[in-house]
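J.: mind folding the following:
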Amino acid sequence: MTRRIVITVCPRETGVVALPVERGGPRERLDAPALARHLEAIVVRRGLAGRVRIQAGCAGGCSGPGPNVSLTFHAMPRPGERPDSVALGWKTYVASLGTLACVETIVDENAGAEDGRHRGLPGGVTPGRARASTRPAGPPARRATRRARRGSA
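T.: Residues are numbered from 1 along each chain as shown. Here you go, the predicted model:
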């Protein structure tokens with residue numbers, strides 16, 4: 001299923017991560033603005049601008065080392081319809097960017113080709129999984145209500 005992805009990078013984070021931008025490239029020290037610029041360039045280079053957007057905003061994890069990145073996944077609008085802002089799910093890279101092989105991994109893991117293979121990798125190789133937290137779709141209040149009904153905290 002094709003989905004729209006919004007990648008949010010917090011511009012207020014003061015931390016720096018040392019990662020290659022591309023697989024096999026040299027490690028670079030990246031602050032939040034540099035990370036956002038590189039993500040935007042990757043999206044454009046891969047022709048994903050129609051369904052992947054990079055934005056500045058709160059990505060969570062303010063007390064941890066930055067930069068922090070979060071992704072929200074949305075349904076693709078039908079032709080002629082405006083995209084909505086209802087997230088079907090989300091994923092964060094809060095304090096875990098340093099565990100990734102490179103910045104491209106953020107795009108590779110989340111906006112791969114529809115057949116399950118990933119664009120930009122030789123032969124469509126699937127990259128290794130990064131340690132990133134994922135959360136079920138739905139507002140926190142709804143999740144808390146479900147937990148309360150099940151009797152768990």
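J.: go through this protein and flag its longest helix.
T.: helix 32-45 (DSSP state H).
J.: now do that one: distance to the chain's middle.
T.: Between the centre of helix 32-45 and the centre of its chain there are 12 Å (CA atoms, centre = their mean, to the nearest Å).
J.: return the distance of whichever helix or strand comes after that helix from the chain's centre.
T.: Going down the chain from helix 32-45, the next helix or strand is strand 52-56, by DSSP states H and E. Strand 52-56 sits 9 Å away from the centroid of its parent chain (CA atoms, centre = their mean).
J.: and if you look at stretch 22-30?
T.: 18 Å.
J.: other residues contacting the longest helix of the chain?
T.: By CB atoms under 8 Å, 6 or more residues apart in numbering, the list of residues contacting helix 32-45 from outside reads 7, 9-13, 15, 17, 21, 28, 30, 49, 52-54, 56, 66-69, 97, 103-104, 106-107, 111, 120. All C-beta spots, glycine's among them, are computed from the backbone N, C-alpha and C.
J.: what mean pLDDT does it have?
T.: Helix 32-45 carries an average pLDDT of 96.
J.: how about that helix as PDB, C-alpha atoms only?
T.: Extracted in PDB, the C-alpha atoms of helix 32-45 (Å, rounded to 0.1, in the frame of the first residue of the first chain):
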ATOM      1  CA  ALA A  32      19.300  19.100  13.000                       C
ATOM      2  CA  PRO A  33      19.400  21.600  10.100                       C
ATOM      3  CA  ALA A  34      22.100  19.600   8.200                       C
ATOM      4  CA  LEU A  35      20.200  16.300   8.800                       C
ATOM      5  CA  ALA A  36      17.000  17.900   7.400                       C
ATOM      6  CA  ARG A  37      18.900  19.200   4.300                       C
ATOM      7  CA  HIS A  38      20.400  15.800   3.600                       C
ATOM      8  CA  LEU A  39      17.000  14.000   4.100                       C
ATOM      9  CA  GLU A  40      15.400  16.500   1.600                       C
ATOM     10  CA  ALA A  41      18.100  15.800  -0.900                       C
ATOM     11  CA  ILE A  42      17.700  12.000  -0.600                       C
ATOM     12  CA  VAL A  43      13.900  12.400  -1.100                       C
ATOM     13  CA  VAL A  44      14.400  14.500  -4.200                       C
ATOM     14  CA  ARG A  45      17.100  12.300  -5.600                       C
END
